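Peer 1: fold the following, please.
(one chain, ligands or ions: 1)
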Amino acid sequence: MALRYDPIRDAYRSQTELNLERLKRTKVPPKRFTASEIGYCKRRIWYRRMGYIPSIFTARGSDYGRDGEAHHDITRTFMADIGGAKIEAVERDKNDMLSIETFQKDVPVKHKNMSFTLHARVDGIVKLGRTKHVLEIKSIGNKDYWAYNNVWSQTLSVDDVVSYMYEHNMNFVYQAHVGMYATKLKNAMIVLKGRDCCATGLHSQRDPEQILGHVPIPWSGTVWQQVLNRCAVVHRGLMSNTPPRAEFLQSSKECSYCPFFHLCHGAEKAKKKGQPVRHPQLGDILHAEDLE
Ligand code: SF4
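Peer 2: Coordinates of the predicted model:
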């Protein structure tokens, strides 16, 4: 039986059309690195900065952004209204949710005789004791959430959770460092939110009293040098019009959701078959300037 009326199905179809319209309005982006992309494959950042058009964001993919924003607002409001946190750099909307972020800044940096700009936006600034922390909220999928939760449950060690983040989500640590640099604060707190189970922070499965609400990330000069080195490689590639080397194999998870796959491994495949490189939705239109 086919349903004649289904507003959710229709919403997804409309969202797909909207995403395609947005794609057709792609512009060459501002000349800056965004904090959340520093941990991405450097070649992926290069394609974006060069103004190449990404493949379409699916309607299901749009759920991720929409729900992620809602998780941010719910988490901040829960922290403030029930946890008593004083959160700066975020204001309440008309529904009394802490939702309007007010801190964003372009920060110029110099590194290895190069100058480039980083764009920072923080989820809030929270005072813990006497120390202000940059707040980063990360809503993560089921598998990732439970991997973190298991580390906490099994060890009850904050250091082990921090190490796990350094090993598996260096992108969170890089982003937190851009936030700290821009705000001149020396500490960040990363709050993990389970997208599927909706839990905030990590909870021991053996003892519900054992909760790790945030992962503390103090400033590290070593990590900051890594941030600058990553940007420098992309910046050099932008200046010389040469993409950095591909950081991942085409069978990797990173490549499977990379919006520039068609220009990278996809292009290699096309060349082997003697076919032209094509955009998955726009055909031979590959660059934002082709749309003008
Ligand atoms: S397809 Fe993979 S290697 Fe190529 S830019 Fe994307 S993430 Fe990097």
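
Peer 1: nearest residue to the middle of this structure?
Peer 2: Central residue of the chain (Cα atoms, centre = their mean): Ser36, 4.2 Å from the mean position.

Peer 1: spit out the contact partners of that one.
Peer 2: Going by Cβ atoms under 8 Å, 6 or more residues apart in numbering, Ser36 touches Asn171, Gln175. In this view, the C-beta of every residue, glycine as well, is placed from N, C-alpha and C.

Peer 1: for my notes, confirm Met239 occurs in a helix.
Peer 2: Yes - judged by DSSP: H, G, I helix; E, B strand; the rest coil, Met239 forms part of a helix.

Peer 1: near the ligand, which residues of the stretch 101-250 of the chain show up?
Peer 2: Within the stretch 101-250 of the chain, the positions adjacent to the ligand are Ala246, Glu247, Phe248 by Cβ under 6 Å from any ligand atom.

Peer 1: hmm, 8 Å instead?
Peer 2: Pro243, Ala246, Glu247, Phe248, Leu249, Gln250 (Cβ under 8 Å from any ligand atom).

Peer 1: so what pLDDT did the third one get?
Peer 2: Same thing as Glu247. Predicted confidence (pLDDT) for Glu247: 95.

Peer 1: dump the longest strand anywhere in the chain to PDB, restricted to CA.
Peer 2: As assigned by DSSP state E, the longest strand anywhere in the chain is strand 131-140. Written as PDB, here are the backbone C-alpha positions of strand 131-140 (Å, rounded to 0.1, in the frame of the first residue of the first chain):
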ATOM      1  CA  THR A 131      38.700  29.100  35.600                       C
ATOM      2  CA  LYS A 132      36.900  29.900  32.400                       C
ATOM      3  CA  HIS A 133      36.600  27.200  29.900                       C
ATOM      4  CA  VAL A 134      35.700  27.100  26.200                       C
ATOM      5  CA  LEU A 135      32.700  24.900  25.800                       C
ATOM      6  CA  GLU A 136      32.500  22.500  22.900                       C
ATOM      7  CA  ILE A 137      29.500  20.200  22.600                       C
ATOM      8  CA  LYS A 138      29.900  17.200  20.400                       C
ATOM      9  CA  SER A 139      26.900  15.100  19.600                       C
ATOM     10  CA  ILE A 140      28.200  11.700  18.400                       C
END
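
Peer 1: residues in contact with that strand?
Peer 2: 67-68, 71-72, 75-76, 87-88, 122-127, 148, 169, 172, 175-176, 179-180, 183, 185-195, 216.

Peer 1: can you go through the residues you listed and name the buried ones?
Peer 2: With neighbours counted by 16 or more other Cβ atoms under 10 Å, these contain buried members at 71-72, 75-76, 87, 122-126, 148, 169, 172, 175-176, 179-180, 183, 185, 187-195, 216.

Peer 1: in strands, which of these appear?
Peer 2: Counting by DSSP E, the part of those found in strands is 87, 124-126, 187-194, 216.

Peer 1: and which of those residues is nearest to Arg230?
Peer 2: Ala188 (18.0 Å; Cβ to Cβ).

Peer 1: if I look at the nearest residue to that closest one once chain neighbours are set aside, how far off is the ligand?
Peer 2: Leaving aside its chain neighbours, Ala188 sits nearest to Ala176 (3.7 Å; criterion: Cβ to Cβ, 6 or more residues apart in numbering). Noted for Ala176: a distance of 22 Å to the ligand, by Cβ to the nearest ligand atom, to the nearest Å.

Peer 1: same check on Pro29?
Peer 2: Distance of Pro29 to the ligand, given as Cβ to the nearest ligand atom: 16 Å.

Peer 1: that residue against Met50, yeah?
Peer 2: No - if you go by Cβ atoms under 8 Å, Pro29 and Met50 don't touch, sitting 9.1 Å apart.

Peer 1: which of the two has more neighbours?
Peer 2: With neighbours defined as other Cβ atoms under 10 Å, Pro29 and Met50 compare such that Met50 has more, 18 against 12.

Peer 1: now that one: how far from Leu23?
Peer 2: Going from Met50 to Leu23 by Cβ to Cβ, to the nearest Å gives 16 Å.

Peer 1: what of Arg13?
Peer 2: Note on Arg13: its distance to Leu23, by Cβ to Cβ, is 16 Å.
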